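Asker: I would like to see how this sequence folds:
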Amino acid sequence: MRYAPVGRAQPVCKPGEFRVGAIGLDHGHIYGMCNGLREAGAEISIVYDPDPARVEEFCRTYPGARAARCEEEVLEAPDINLIASAPIPCFRGPLGVKAMAHGKDYFTDKPPFTNRAQLEEARKMVETTGRKFAVYYAERLHSEAAEYAGDLIKSGAIGRVLQVLGLGPHRVNAPSRPAWFWEKDKYGGILVDLGCHQIEQFLFYAGAGHARVLHSKVANYNHVDHPCFEDYGDATLIADNGATQYFRVDWFTPDGLRAWGDGRTFVLGTDGYIELRKYLDIGREFEGDHVYLVDRTGEHHLAVHGKVGFPYFGRLIRDCLDRTENAMPQSHTFLAIELALDAQARAEPIVDNSRHRR
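Answerer: Next comes the predicted model:
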């Protein structure tokens, strides 16, 4: 829960020009979000969370931030450009609506919504206010390998993208998890919580304007003490341009792995293919951000850690200041989670009959 990459400082604004207020520190991704914004020139100015210990830790990490007395103090602060948030997932969408109603742009951890009604309410508020509702789809936005792959695909390195295969395993680390982690109405289900990452990457790499879910399924194989939890899920999608996707997400990272998950992405094109080993190269190198490219000229291993950076955050800041849309189109932001919600709603539950045979 504390995945927080650190990159190079590449400011895109003047000191004091872009200020961020943080609300909701339930998930450690808030540190990845604020790291990226700070490296791009933002000032982390004010923070609120009902837990004083979490606020104290946050202020130690970002010494320029002061503790607010209440949520409204952050929302009403006149010098704040953007609200960054990582509360319990079911509260992220409603908080975004409040932020936009207060004239603030909003940047939240994934998943931004846990049901369709929250998505539609946020869409209406974006249309009404013209504010931005951005989402931290970190498995692409905070991965140098993923960013580099996007540039390769855009340059035509593998031709037309035909299929994207995504693997998103995570370590459950049960003793460290809060109560809400196990409650489906709080986290939205595994295809919402983890699947939205995979779907966002598919839409981006395939250049898709829309897609539909063909099939999905979920299971609770190994956590009988938490009957509302899902530890496995997968889905198949097809885009409007004919590209397809299969992804699998799970909570079965073994203790022996040196990272929280061996996240991988495979992109098949008409002229080649790409494999991303994002967080490590198992059995070989601890450092991540490995790009494997096979094209008409040969086989290529590209180690890009520390060479690409994380351009999303600077683009987001400039979008907020300039009222442009270069970091991520709002339609794309919402489509990724809409498809994840659809996959979750339609998912076939897998019945684990092995439990009855033991």
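
Asker: make it CA atoms for all contacts and neighbour counts henceforth
Answerer: Will do.

Asker: domains of the protein?
Answerer: 1-136, 140-310+342-346 (automatic domain parsing).

Asker: buried sites along whichever strand or helix holds Thr128?
Answerer: Thr128 is part of helix 116-129 when elements are defined by DSSP states H and E. Across helix 116-129, burial judged by 16 or more other Cα atoms under 10 Å covers 118-119, 122-123, 125-126.

Asker: With stretch 309-329 instead?
Answerer: Neighbour counts using 16+ other Cα under 10 Å place 309-320, 327-328 of stretch 309-329 among the buried residues.

Asker: before we move on, the earlier item: I'd like the buried residues of helix 116-129 as a markdown table, with pLDDT and distance to Thr108 appended.
Answerer: Shown next, in a markdown table, are the buried residues of helix 116-129 (pLDDT from 0 to 100; distance: Cα to Cα, whole Å):
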| residue | pLDDT | distance to Thr108 |
| --- | --- | --- |
| Gln118 | 98 | 14 |
| Leu119 | 98 | 13 |
| Ala122 | 98 | 12 |
| Arg123 | 98 | 15 |
| Met125 | 98 | 15 |
| Val126 | 98 | 14 |
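
Asker: where does this protein dip in pLDDT?
Answerer: For the chain, the stretches flagged by pLDDT under 70 are 1-4, 7, 355-358.

Asker: one more time with 80
Answerer: 1-7, 285-286, 352-358 (pLDDT under 80).

Asker: So which residue is smack in the middle of it?
Answerer: Central residue of the chain (Cα atoms, centre = their mean): Tyr137, 2.1 Å from the mean position.

Asker: Now do the contacts for that residue.
Answerer: 109-110, 196-197, 200 (Cα atoms under 8 Å, 6 or more residues apart in numbering).

Asker: Surely Ala84 touches Met100?
Answerer: No: if you go by Cα atoms under 8 Å, Ala84 and Met100 don't touch, sitting 11.9 Å apart.

Asker: count of residues packed around Gly16?
Answerer: Look at Gly16: counted by other Cα atoms under 10 Å, it has 12 neighbours.

Asker: Okay, and it sits in which element?
Answerer: For Gly16, there is no enclosing helix or strand under DSSP H and E.

Asker: my guess is it meets Ala42, correct?
Answerer: Yes: at 7.4 Å, Gly16 and Ala42 qualify as touching, with contact defined as Cα under 8 Å.

Asker: Would you map the strands across the stretch 251-358 of the chain?
Answerer: 264-269, 273-277, 290-295, 298-303, 348-349 (DSSP state E, counting those that start in this stretch).

Asker: by contact count, what packs against the shortest one?
Answerer: Which is strand 348-349. Packing contacts for strand 348-349, counted by 3 or more Cα pairs under 8 Å, 6 or more residues apart in numbering; DSSP states H and E, involve strand 211-219.

Asker: Please identify the buried residues of the strand it packs on?
Answerer: Residues of strand 211-219 classed as buried: 211, 213, 216-219 (neighbour count, 16+ other Cα under 10 Å).

Asker: cool, and stretch 329-337?
Answerer: Neighbour-count burial for stretch 329-337 flags 330, 332-337 (criterion: 16+ other Cα under 10 Å).

Asker: what's next to it, contact-wise?
Answerer: Contacts with stretch 329-337, where a contact means Cα under 8 Å, 6+ apart, come from 111-113, 119, 132-135, 192, 196-197, 199-200, 203, 209-210.

Asker: Just give the nearest non-adjacent residue to Asp281, would you?
Answerer: Gly288 (6.4 Å; Cα to Cα, 6 or more residues apart in numbering).

Asker: what's the distance between the one you found and Tyr273?
Answerer: 19 Å (Cα to Cα, to the nearest Å).

Asker: next one: Ala22
Answerer: Ala22 sits 40 Å away from Tyr273, going by Cα to Cα.

Asker: cool, Thr61 as well?
Answerer: Per Cα to Cα, Thr61 is found 40 Å from Tyr273.

Asker: Please consider this matter closed, and thank you.
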